[in-house]
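**Student:** Got a predicted model here, sequence first, then my questions.
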Amino acid sequence: MVRIACLGWGSLIWDPRDLPVEGQWFEDGPLLPIEFVRQSNDGRLTLVINNVARPVRTLWSFFSKSVSDVQSARIALKCREGTSIENIGAWNKLDNQKGPLAEIMSDWAGRLNLDAVIWTALPPKFKGKSEIIIDEDGAVKYLRELPYEKHEKAKKYICNAPQQIDTLYRRRFEREFGWKMCKK
């Protein structure tokens with residue numbers, strides 16, 4: 001049996017929808033540089049991997065037994081995220097992948113005897129431009145200026161992010177807006 005893990009740090013944890021994971025999210029995922037630097041279509045600032053962020057401990061879950069290969073796992077996450085397959089990252093122990101992210105995945109997955117790891121690999125984005133990283137002050141200003149409905153969606157996403165996703169921007173949002181993490 002192939003052991004495939006799905007990484008999460010945002011809404012996958014509290015709103016997996018039809019994502020075929022086994023239900024339990026473990027809190028000992030790999031340390032990855034994650035921050036609230038992606039402006040979503042509905043105005044939220046969402047969490048994505050980016051090179052300038054401080055690493056935080058991610059969460060993970062096993063894909064269910066109905067997902068038997070890496071491509072099926074990628075497609076399942078692609079469907080949940082409503083994105084293209086190019087925005088779904090994958091590490092497979094059978095591949096000879098290179099780079100810092102591949103090293104992190106290889107070390108972490110090796111300790112757990114995993115065959116593959118799948119994650120959402122959307123880039124930072126702001127004002128419709130990929131790879132644009134909004135700075136901390138800009139993020140606060142942006143959230144402050146959102147219309148009420150979008151502001152509430154942004155607040156819900158930030159407050160619902162798992163407690164261990166303790167980023168610098170999140171700490172600033174808490175200070176500026178008084179947004180506390182939601183208790184589960």
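**Tutor:** Nice, thanks for sending it over.

**Student:** show me what contacts Gly89?
**Tutor:** Going by Cβ atoms under 8 Å, 6 or more residues apart in numbering, Gly89 touches Ile49, Leu101, Ile118, Trp119, Thr120, Ala121. Just so you know, the C-beta spots here come from the backbone N, C-alpha and C atoms, and that holds for glycine as well.

**Student:** Include distance to Gly138 and pLDDT when you put the residues you listed into TSV, please.
**Tutor:** TSV is the format used below for these (distance: Cβ to Cβ, whole Å; pLDDT from 0 to 100):
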residue	distance to Gly138	pLDDT
Ile49	19	97
Leu101	26	92
Ile118	31	98
Trp119	26	98
Thr120	23	98
Ala121	23	97
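
**Student:** Could you tell me which of the residues you listed belong to strands?
**Tutor:** Ile49, Ile118, Trp119, Thr120 (DSSP state E).

**Student:** neighbours around the closest residue to the last one other than its chain neighbours, how many?
**Tutor:** Right, Thr120. Spatial nearest neighbour of Thr120, excluding adjacent residues (Cβ to Cβ, 6 or more residues apart in numbering): Glu81 at 5.4 Å. For Glu81, the neighbour count with other Cβ atoms under 10 Å is 17.
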